[in-house]
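Chemist: heads up, no residue letters with this:
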């Protein structure tokens, strides 16, 4: 089944394979979006400097702090939504300007998580 998912204003066409396992089949658009994001493994970013939450969920780990130098694909923080973890990773090398969330904090979709210089 092909679905179109809009995340952070950007559209993605995603094909979902029927594995025959009903427990893995999402029942709603939000479930599809969460599934897609868990597979993408990266945050939605408005550019390479501002990262926003792709899902409503809970911050389970904050790995970086302001001033840290990170490389592309480094895990910055981890969110949990619908019992699935989503790792937020760096889209490019850079320096963390600010982290706007803390471990244990609930976040909303499109809430700013962190910024790069």
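Modeler: Okay, I see it. Computed from a predicted structure; not experimentally measured.

Chemist: Show me where this protein has its strands.
Modeler: Per DSSP state E, the chain carries strands over the ranges 2-7, 10-15, 44-45, 50-52, 57-62, 69-70, 75-81, 84-89, 94-99, 106-107, 112-116.

Chemist: Lowest average confidence across those, which one?
Modeler: Set side by side, the strands of the chain give their lowest mean pLDDT on strand 44-45, at a mean of 48.

Chemist: one step back: so can I have a markdown table of the strands of the chain showing mean neighbour count?
Modeler: Every C-beta, even on glycine, is put in place using the N, C-alpha and C of the backbone. Shown next, in a markdown table, are the strands of the chain (neighbours: other CB atoms under 10 Å):
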| stretch | mean neighbour count |
| --- | --- |
| strand 2-7 | 12 |
| strand 10-15 | 10 |
| strand 44-45 | 21 |
| strand 50-52 | 21 |
| strand 57-62 | 17 |
| strand 69-70 | 14 |
| strand 75-81 | 20 |
| strand 84-89 | 19 |
| strand 94-99 | 16 |
| strand 106-107 | 16 |
| strand 112-116 | 20 |
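
Chemist: Verify the contact between residue 77 and residue 57 for me.
Modeler: No: between residue 77 and residue 57 there is no contact under CB atoms under 8 Å: 11.1 Å.

Chemist: Just give me the residues shared between the contact sets of the two.
Modeler: Common neighbours of residue 77 and residue 57 (criterion: CB atoms under 8 Å, 6 or more residues apart in numbering): none identified.

Chemist: Does residue 114 have any beta-bridge partners, and if so which?
Modeler: residue 51, residue 99 (DSSP bridges).

Chemist: The chain should start at 36 in everything you say after this.
Modeler: Let's use 36 as the start, then, which means that last one is residue 149.

Chemist: What's the separation between it and residue 123?
Modeler: Noted for residue 149: a distance of 8 Å to residue 123, by CB to CB, to the nearest Å.
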